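quick one, fold the following:
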Amino acid sequence: MVVDKQPMDGADRLAQDFVQFAVDSGVLRLGEFKTKAGRLSPYFFNAGLFDDGAKMALLSEFYAKAILASGMEFDMVFGPAYKGIPLAATVAVELARQGKNVPFAYNRKEAKDHGEGGTLVGAPLKGRVLIIDDVMSAGTAARESIAIIKAAGAEPHAVAIALDRQEMATENGQDVAHSAVQYVRNQLGMQVCAIAKLADLLLYLEQQGSGAGGEHHERVLAYRQRYGVDDKE
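This is a model prediction of the structure:
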């Protein structure tokens, strides 16, 4: 039986469209996958497979729409090496196309000892900085970016990611009660914007009806019940 589709607001519709896009692109796969934390996850999200111009153009449009809809304020965008570099560049282009033109910068993993030197490329880091990345597993990349931004005298203000897994982070090999997103939001005091969440994937699978969609929904739901976090603010 196909579940009746309920009316959605703009954010919900954007999230559902993004999940469909990620599935169609092979970026969001269903099955059994081992995570860095050693968990067997019924889904896997690999943003590196947004690997051609058309996909990157559409991906940046999703990011820009989610960022602008969130209402978060920022003065520039920053892409942490390596996956964040093309994300920051293409999202900056799309933000400009949608009426918000801001500078962007990114970092190198290794310092350059000739030419302009240093580890930073692009516009000078200043003002309120929006970090753009794909997912947030442990918050490690966010902390590294925060250190870089603060060292430059700017304010690490917010983070935009593609997917919020809404699951417990691990510290020293142990599960903790909060997710990486909650840690960045509550402990580091930064805003976090995600195009879609695990809850959106569950809704997508629920609306696929019986058959394979139903089986995947049961597995993803069981995974969330085991590792999910209380998402109340």
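
show me how far stretch 149-156 is from its chain's centre.
Mean C-alpha position of stretch 149-156 versus that of the full chain (Cα atoms, centre = their mean, to the nearest Å) differs by 21 Å.

that one: which residues count as buried?
Neighbour-count burial for stretch 149-156, with 16 or more other Cβ atoms under 10 Å as criterion, is recorded at 149, 154-156. No exception for glycine: its C-beta is placed from N, CA and C like everyone else's.

which members of those occur in strands, if any?
Applying DSSP state E to the buried residues of stretch 149-156, the entries found in strands are 155-156.

let's have the buried residues of stretch 149-156 in TSV, adding distance to residue 142.
Listed next are those as TSV, based on distance: Cβ to Cβ, whole Å:
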residue	distance to residue 142
149	10
154	15
155	14
156	8
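
can you tell me which of the buried residues of stretch 149-156 is closest to residue 120?
Closest approach between the buried residues of stretch 149-156 and residue 120, by Cβ to Cβ: residue 149, at 9.8 Å.

ok, and the closest non-adjacent residue to that closest one?
Nearest residue to residue 149 in three dimensions, chain neighbours excluded: residue 156, at 4.3 Å (Cβ to Cβ, 6 or more residues apart in numbering).

the one you found contacts residue 130, doesn't it?
No - checked against Cβ atoms under 8 Å, the pair residue 156 and residue 130 is beyond contact range at 9.0 Å.

tell me how many other residues crowd residue 85.
20 (other Cβ atoms under 10 Å).

repeat that for the one 3 residues further on.
A count of neighbours around residue 88, defined by other Cβ under 10 Å, yields 26.
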